[in-house]
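*Asks:* no letters, just coordinates:
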């Protein structure tokens, strides 16, 4: 099992659907900065860092880091629990 630690959480009041920015470290060897806690009518979710670019006049998004679904679930559960408890 991977060890995931939150190293920073900055709550964002009055920023629409954005609730917080979060930085984590996985197994003390991989740091992911700029995760976002987002909210919509379906519930809260975690947005991952991405780069934005234009393609044929449309804004596109490309992930900076790709995370396996099992790890995404662990990260989501940890971050949302910490956000709700603090």
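*Replies:* Arrived safely, thanks for sending. Quick caveat, the model's predicted, so the values are computed rather than measured.

*Asks:* have a look at the protein and report its longest strand.
*Replies:* strand 30-40 (DSSP state E).

*Asks:* contacts for that strand?
*Replies:* 7, 17-26, 44-49, 65, 75, 79-80, 83 (C-beta atoms under 8 Å, 6 or more residues apart in numbering). Any C-beta I mention is one placed from the backbone N, CA and C, and that applies to glycine too.

*Asks:* what residues of that strand count as buried?
*Replies:* The neighbour-count check on strand 30-40 (16 or more other C-beta atoms under 10 Å) flags 32, 35-37 as buried.

*Asks:* next, format these as CSV and append distance to residue 69 and pLDDT.
*Replies:* Putting the buried residues of strand 30-40 into CSV (distance: C-beta to C-beta, whole Å; pLDDT from 0 to 100) gives the following:
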residue, distance to residue 69, pLDDT
32, 16, 97
35, 16, 98
36, 18, 98
37, 19, 98
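
*Asks:* now those residues as a markdown table including distance to residue 71?
*Replies:* As requested, these are exported to a markdown table (distance: C-beta to C-beta, whole Å):
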| residue | distance to residue 71 |
| --- | --- |
| 32 | 10 |
| 35 | 12 |
| 36 | 17 |
| 37 | 17 |
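
*Asks:* ok, of these, which one's closest to residue 1?
*Replies:* For the buried residues of strand 30-40, the closest approach to residue 1 (C-beta to C-beta) belongs to residue 32, at 17.6 Å.

*Asks:* so how far is residue 13 from the closest one?
*Replies:* Distance of residue 32 to residue 13, computed by C-beta to C-beta, to the nearest Å: 23 Å.

*Asks:* again with residue 41
*Replies:* For residue 41, the distance to residue 13 equals 20 Å [C-beta to C-beta].

*Asks:* pLDDT value on the closest residue to residue 72 other than its chain neighbours, please?
*Replies:* Among residues not flanking residue 72 along the chain, residue 46 sits closest, at 7.4 Å (C-beta to C-beta, 6 or more residues apart in numbering). Reported pLDDT at residue 46 in the predicted model: 98.

*Asks:* ok, the one 3 residues further on next?
*Replies:* According to the predicted model, the pLDDT of residue 49 comes to 97.
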